[in-house]
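Colleague: make a model of this:
(one chain, ligands or ions: 1)
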Amino acid sequence: MPVSTKNRFLLLYGSQTGQAKAISEEIVEKAEKFNLTADLHCLSQTEKKFNIERENCVVIVTSTTGDGEPPDTAQKFVRRLKKKTLPSNHLENLNYALLGLGDSNYTNFCNNGKTIDRRLEQLGAKRFYESGWADDAVGLEIAAEPWMESLFPAIQKFLSVNITTSCDSIDTSCRTNQSGSNENGHYKEEDRQENRLESKTIPDLHSDDSSPSITSLNEIIKPVSPLDNNCDKTTEVTSSKLNSRTNVNNLSSSHLGKSGSISNTDTDNIDSNTNINRTDNSTLITKSKLNINQQSELQTLDKGGCQPSLTISLPPLSESSVSVPVLSAAYLKLEYLNDETVSLTEIPLQNGCPMPSASSEITMARVTSSSVLTKEEAVKKTLCLKLNTEKKMMEYLPGDSISVVVENDVNEIEALLKRLNVLKCADTTCSLTVIEGTKKKNPSVPSHIPPLCTLRHIFTTCVDIREPPKKALFRVLVEYTSDQGQKRRIQELCSKQGAAEYTQFVRQPSLSLMDILNAFPSCIPPVERLLEHLPRLQPRPYSVCSSPLVNPGIIEIVFNVINIPVGEGRSYHRNGVCTGMLDKITQNVQIKGAFQEDRDDDLSNTLEKLAINDKIQVPIFTRTNQHFHMSDDLSIPIIMVGPGTGVAPFVGFLRHRQALRKDMSDPELYGNTWLFYGCRHEKSDYIYRKELEDFQSTGILSQLCVCFSRDNQLQISPQYVQDNIRNNSTELSILIMEKNATVFVCGDAKNMAKDVNEAFVSVIQSYKGCTAEEAKIELMKMRLHKRYLEDVWT
Ligand SMILES: Cc1cc2nc3c(=O)[nH]c(=O)nc-3n(C[C@H](O)[C@H](O)[C@H](O)COP(=O)(O)O)c2cc1C
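Modeller: Numbering: from 1, shown residues only. I've put the predicted structure just below:
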């Protein structure tokens, strides 16, 4: 029997790093305003807490991870869905809406969402609202917000709920009429038909089907841009909203003129009020409400010459009204327990909350060496760490990663706690509980935060303070900002009209919470409100460059120490959270100048021994990268592309191959092994040079193709790895097309991976004498058959 309660829908999320979960929680909160109840579950709870076969109305929000794969928590759900034995009417009772999260820098944009979308349809489920694709490369909110906005009227229409409320508390123009479609005609019955047709072209790049049938290039290559999907409609919505807002403004300014300022009571109404006019008034802040400071600021702006910035609005915004999001309900209560002591060392990391993508327990690994692989003059400092896990042998293969459970910088935390006026009580035992009677749905203390510890502990080990604060947090900050000009600017930054400025001034420069607080000195939010919104501090993954066959118990990783300068709103210098931490804790034992030109391995090894320091320990766990492994069959040729620290897994591959080759019955069968490596300067940042050249001289590596992007000003020799790939087109095409070679690409997703992809397209094109489109299809087939593998990051 299908589960059906009139106003209820099932809301499922699949999340790797928490964004899909956060969006789902937002949907739960907003649903209430539409007289709807969302039952929220993680996809991992399939068959435990929900059974999709018994559902009638489901909303799914899911991200994609790895190389187009489902998040760990969604894997079981997707596996079940993909079962080939399921009949085509298996989900005929199901009606659904889906929001996919992804990042268009990855080749398989939103692949998991698309796979689920397509499969649901194949199984007879009906889409009652168009699927949305949110792109983290440009800002998830650009597509997610308009998608969410029209989701509720669509659910209402589907469930035929009597509409007693308005969605004006979310956006003033998004009013629903009795038939359920909104005034902008955002949801139409015909859309359903269109969507059905459209979704047929969404490929399942990870289908188990061993003989993919690909007929059109667009089918498989062109990512569904969130702008393609939503932007036109968003634009339409926005302009009509602005029109309707003008009318509402007239109403609201006269009403608001009485109060003259935005009080907490006003904004409280936003959450609770169902009356259109009052809610409109609360959500719209008009010029008439600006205080004297603001008016003078506007006058300055009107005179021109003032550049918009994080703290100063663009003239059109400051002159117009803005609609701000719903203020989330407070739900955490913080109490200081002066008489209680708590042993922080006994609290498990992040309260023992399972680590994402973990394929092992957390192990405290001893840092046995930390070597600087680059020269002093190199633009980036590259560190190689050897981590001893001897007591607990960790199982891994070259191509896998380890994740480091990271801590925030102590100085940064000190400054933040001070800024929040809680430094004095930062080391007092405190408890976090749920506020009784909170309006938040299903409230709970975040599972990664110990309910009894100290604020310093929470801020150092549990929450991310570097991620640009989300708009929902900005909305909270509005409430705790006393200066009216600053308040207004924060409102703008979280408003719909300020979306572009939020992207420009907050997201792109990657401002931290502290940057925002520095920019708005009158903003002093309570800590517990922040803890409701700050995301979990995520462990940081690094490709392993060691082989378990060569030095069991020692895991080696290599990374650039990320340096982030002051500027564009960033108010203090910082390093990458994890790379900065690893650099800092090994500062005194770092080996400089080893493994470089002098190629003195003995010296390096001696220095390493001297540097051994039992006291430096790092919590790590392994993270299996299922699709980025070499075949056990060493006769299969491999082509590896890994500029910069992207070479890490390939150093592991080569060490592993060297060990395996010794046991080959016929070493003559050893397959061709190519490596494309690149860096800026040969002299200062060619890492692993000695070892790679040794691999070449012993035949472990058949070809080592190296290029230096900044050394050859005349650009006579190849500048980038992709140039070298093109230069070796003939040999590579034979390996790929005739010898069944596997291609591995590791490194930057934004530029390198795309350019390398294109270079291989041209390699195939010249071999086959075909069009670029046909060559792209060929390459996509290689991806499907796991012969073109990527491990890339943004
Ligand atoms: C390691 C990693 C791999 C990713 N792989 C993909 C991918 O293959 N395709 C894609 O569209 N997005 C990919 N993404 C982007 C995420 O889907 C995107 O950032 C999303 O917002 C994350 O949501 P979540 O926090 O709910 O997991 C990847 C992100 C990470 C960190």
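
Colleague: isn't residue 447 right next to residue 348, touching?
Modeller: No - using C-beta atoms under 8 Å, residue 447 makes no contact with residue 348, being 11.6 Å away. C-beta: built from backbone N, CA, C; applies to glycine.

Colleague: the more surrounded of these two?
Modeller: Neighbour count, other C-beta atoms under 10 Å: between residue 447 and residue 348, residue 447 has more, with 13 against 9.

Colleague: identify the residues contacting that one.
Modeller: Listed by C-beta atoms under 8 Å, 6 or more residues apart in numbering, the contact partners of residue 447 are 351, 353.

Colleague: okay, it and the ligand: tell me how far apart.
Modeller: Residue 447 sits at a distance of 16 Å from the ligand (criterion: C-beta to the nearest ligand atom, to the nearest Å).

Colleague: same check, this time on residue 756
Modeller: For residue 756, the distance to the ligand - C-beta to the nearest ligand atom - is 16 Å.

Colleague: start the count at 129 instead of 1 going forward.
Modeller: Yep, numbering from 129; the last one is residue 884 now.

Colleague: residues near that residue, how many?
Modeller: By the criterion of other C-beta under 10 Å, residue 884 has 25 neighbours.

Colleague: identify the residues contacting the host helix or strand of it?
Modeller: Using DSSP states H and E, residue 884 maps to helix 880-896. With contact meaning C-beta under 8 Å, 6+ apart, helix 880-896 is reached by 233, 235, 769, 771, 774, 848-851, 853-854, 857-858, 860-862, 864-865, 871, 873, 875, 898-900, 902-904, 906-907, 916, 918, 920.

Colleague: if you set the cut-off to 7 Å instead, what comes out?
Modeller: Contacts with helix 880-896, where a contact means C-beta atoms under 7 Å, 6 or more residues apart in numbering, come from 235, 769, 771, 848-850, 853-854, 857, 860-861, 864-865, 871, 873, 875, 900, 903-904, 906-907, 918, 920.

Colleague: tilt between the strand or helix carrying residue 802 and helix 880-896?
Modeller: Here residue 802, judged by DSSP H and E, is contained in strand 801-807. Counting by axes from the mean of the first three to the mean of the last three C-alpha atoms, to 10 degrees, strand 801-807 lies at 140 degrees to helix 880-896.

Colleague: now, which of the contacts of helix 880-896 lie within strands?
Modeller: If you go by DSSP state E, these have 769, 871, 873, 875, 918, 920 in strands.

Colleague: pretty sure residue 749 contacts residue 531?
Modeller: Yes - counting by C-beta atoms under 7 Å, residue 531 is a contact partner of residue 749 at 5.6 Å.

Colleague: returning to what we had before: so which of the contacts of helix 880-896 sit within helices?
Modeller: Using DSSP state H, the members of the contacts of helix 880-896 that fall in helices are 849-850, 853-854, 857, 860-861, 864-865, 900, 903-904, 906-907.

Colleague: in a markdown table: the residues you listed, plus pLDDT.
Modeller: Below are these laid out as a markdown table (pLDDT from 0 to 100):
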| residue | pLDDT |
| --- | --- |
| 849 | 97 |
| 850 | 97 |
| 853 | 98 |
| 854 | 97 |
| 857 | 97 |
| 860 | 98 |
| 861 | 97 |
| 864 | 98 |
| 865 | 97 |
| 900 | 95 |
| 903 | 97 |
| 904 | 96 |
| 906 | 96 |
| 907 | 96 |
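
Colleague: reformat the residues you listed as JSON lines; add distance to the ligand.
Modeller: Listed next are the ones in helices among the contacts of helix 880-896 as JSON lines, based on distance: C-beta to the nearest ligand atom, whole Å:
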{"residue": "849", "distance to the ligand": "21"}
{"residue": "850", "distance to the ligand": "20"}
{"residue": "853", "distance to the ligand": "22"}
{"residue": "854", "distance to the ligand": "25"}
{"residue": "857", "distance to the ligand": "27"}
{"residue": "860", "distance to the ligand": "25"}
{"residue": "861", "distance to the ligand": "26"}
{"residue": "864", "distance to the ligand": "22"}
{"residue": "865", "distance to the ligand": "26"}
{"residue": "900", "distance to the ligand": "23"}
{"residue": "903", "distance to the ligand": "22"}
{"residue": "904", "distance to the ligand": "18"}
{"residue": "906", "distance to the ligand": "21"}
{"residue": "907", "distance to the ligand": "16"}
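
Colleague: can you give me the helices for the stretch 579-728 of the chain?
Modeller: With DSSP state H, counting those that start in this stretch, the ranges of helices along the stretch 579-728 of the chain come out as 583-585, 599-607, 612-622, 627-630, 641-647, 655-661, 705-714.

Colleague: over to the closest residue to residue 829 other than its chain neighbours. Which of the three states is it?
Modeller: Distances taken as C-beta to C-beta, 6 or more residues apart in numbering place residue 823 nearest to residue 829, at 4.0 Å, with adjacent residues excluded. Put simply, residue 823 is helix when judged by DSSP: H, G, I helix; E, B strand; the rest coil.

Colleague: hang on, residue 823 packs against residue 782?
Modeller: Yes - here residue 823 reaches residue 782: they are 4.9 Å apart, a contact under C-beta under 7 Å.

Colleague: what's near enough to touch residue 518?
Modeller: Residues near residue 518 by C-beta under 7 Å, 6+ apart: residue 681.

Colleague: can you pull the contacts of whichever residue of the stretch 179-328 of the chain sits closest to the ligand?
Modeller: Closest contact between the stretch 179-328 of the chain and the ligand, by C-beta to the nearest ligand atom, is at residue 230 (2.4 Å). Listed by C-beta under 7 Å, 6+ apart, the contact set of residue 230 reads 191, 192, 237, 238, 241, 261, 263, 264.

Colleague: change it to 8 Å
Modeller: 191, 192, 237, 238, 239, 240, 241, 261, 262, 263, 264, 351.
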